[in-house]
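In: next come a sequence and a model predicted from it.
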Amino acid sequence: MKSDPEADARRKAAIILTGMERKCAVRILRSLPVDLVLDLAEEIQRLPEVSMEERDNVFREFNGLLQQGVSPRGGTEVARALLQEAVGDAKAKEALSRGAHQPFAAIADVNEEDLAAILSKEQPAVTALILAFLPPKKTAAIMIHLDTDTRAEVISRLVDARNADPDTAARIEKVFVQKVSSLLKKSKGGERTNNLGGPKFIANVLQHIDREMEEQLLKVIQEVSAEKATAVRDLMFTFEDIVRLSDADVQKVLRQVSTDKLTIALKGVPPNIFDKISNNMSKHARESLLEEMELLGKVKLSQQQEEQRNLVNVIRALEAAGEITLHAGQEDEVYV
């Protein structure tokens, strides 16, 4: 039977990787595109016990490639030699090229339901990375179409802010974009993209989905980390978001807050926040507030932030009790 050159090359690559020190193999794999890593991983998994004779022959052949001018120092150079043996010069150069991609820009206009169907077949870690690069509103729309278990796994990963460089994103992008039949869009620049995902990203995502799903996802985050769940809730409704409350709800909040604490919380805040609160106070209460603010000396920033957090906690408690609605002032809100 005629042998398959590509299959033989993959087998040799698998033998080389399994025959070297683990840290060296890991460094090589990190230098390769995701699709090649997956191919090699499958080959390694299928690899039976290899005889010492075959192993020695493969390493002699590989060593011959290195002696032809490829230095074994550094993961990229070793990876190049490995790829030249596995897939040939042209594909090796293509695989190791360092294009500056705008991660996942090519799928920005793809239908969310279609993207969700494709992402549902990916590993949650890969899905989380892809969604972290998309606008929060797009991510929210996609997550609506994921099944409950997948959504929970993805959200538990997204809540952790992570760093990713453009090369890593481009490798995964290349595979995924091919699956949705889109063309890669290259952009200038290659600086590191920091803090993908994280509480702020999740908070923005949750603001674009319905209340029931929001609570389901927050419950998942709570199970992963109570601290991160609190951080997300903090970001979902901040002190500055008070201006989004209806006047009737602001009045309900004010009934739960003493004037002295309110005075500290409002010291030096933007006019729109101060007006939103003071305009919902009685004339006497407003005059008392202004008088106390004039008499109030310097206040530690930490003290002011504490009082603002307390006010937000009051708002959250009233919302949880169903007495006020935090989403009443959201953009794109529809009334019937």
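Out: All right, it came through fine.
In: from memory Asn204 sits against Pro136, does it?
Out: Yes - between Asn204 and Pro136 there is a contact under Cβ atoms under 8 Å: 3.6 Å. C-betas here are computed from N, CA, C, even on glycine.
In: I'd like to know how far Ala231 sits from Gln222.
Out: Per Cβ to Cβ, to the nearest Å, Ala231 is found 11 Å from Gln222.
In: higher neighbour count, the two?
Out: Ala231 (18 against 15; other Cβ atoms under 10 Å).
In: walk me through the domains of this protein.
Out: Domain ranges of the chain: 5-96, 105-220, 237-329, per automatic domain parsing.
In: next SSE after the helix or strand of the chain with the lowest mean pLDDT?
Out: In the chain, no helix or strand scores lower on mean pLDDT, DSSP states H and E than strand 193-196, which sits at a mean of 46. Sequence-wise, the next helix or strand downstream of strand 193-196 (DSSP states H and E) is helix 199-206.
In: elements contacting that next one?
Out: helix 136-144, helix 148-158, helix 211-224, helix 226-236 (3 or more Cβ pairs under 8 Å, 6 or more residues apart in numbering; DSSP states H and E).
In: out of those, which gets nearest to Ile172?
Out: helix 148-158 (13.9 Å; Cβ to Cβ).
In: what are the buried residues along the closest one?
Out: For helix 148-158, a neighbour-count test (16 or more other Cβ atoms under 10 Å) marks Thr150, Arg151, Ala152, Glu153, Val154, Ile155, Ser156, Arg157, Leu158 as buried.
In: turn the residues you listed into CSV, including pLDDT and distance to Ser246.
Out: Output for the buried residues of helix 148-158, formatted as CSV (pLDDT from 0 to 100; distance: Cβ to Cβ, whole Å):
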residue, pLDDT, distance to Ser246
Thr150, 87, 36
Arg151, 87, 31
Ala152, 86, 33
Glu153, 87, 37
Val154, 87, 34
Ile155, 86, 30
Ser156, 83, 34
Arg157, 83, 36
Leu158, 82, 31
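In: now do the phi/psi pair for Pro135.
Out: With angles defined as degrees, to the nearest 10, Pro135 sits at phi -60, psi 140.
In: what sits closest to it if chain neighbours are left out?
Out: Spatial nearest neighbour of Pro135, excluding adjacent residues (Cβ to Cβ, 6 or more residues apart in numbering): Ala108 at 7.7 Å.
In: and that neighbour, how many residues sit next to it?
Out: Ala108: 13 neighbours (other Cβ under 10 Å).
In: which parts of the protein are strands?
Out: Ranges of strands within the chain are 162-164, 193-196, based on DSSP state E.
In: what is the mean pLDDT for the shortest one?
Out: For strand 162-164, mean pLDDT is 65.
In: how about the spatially closest residue to Phe176 that is not a sequence neighbour, what does it touch?
Out: In space, and not counting its chain neighbours, Phe176 is closest to Ile130: 6.2 Å by Cβ to Cβ, 6+ apart. Residues in contact with Ile130 (Cβ atoms under 8 Å, 6 or more residues apart in numbering) are Phe104, Leu119, Glu122, Ile172, Glu173, Phe176.
In: do the same with Leu266
Out: By Cβ under 8 Å, 6+ apart, Leu266 lies in contact with Ile273, Phe274, Ile277, Leu289, Met293.
In: would you turn those into TSV with pLDDT?
Out: As requested, the contacts of Leu266 are arranged in TSV below (pLDDT from 0 to 100):
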residue	pLDDT
Ile273	94
Phe274	94
Ile277	94
Leu289	91
Met293	89
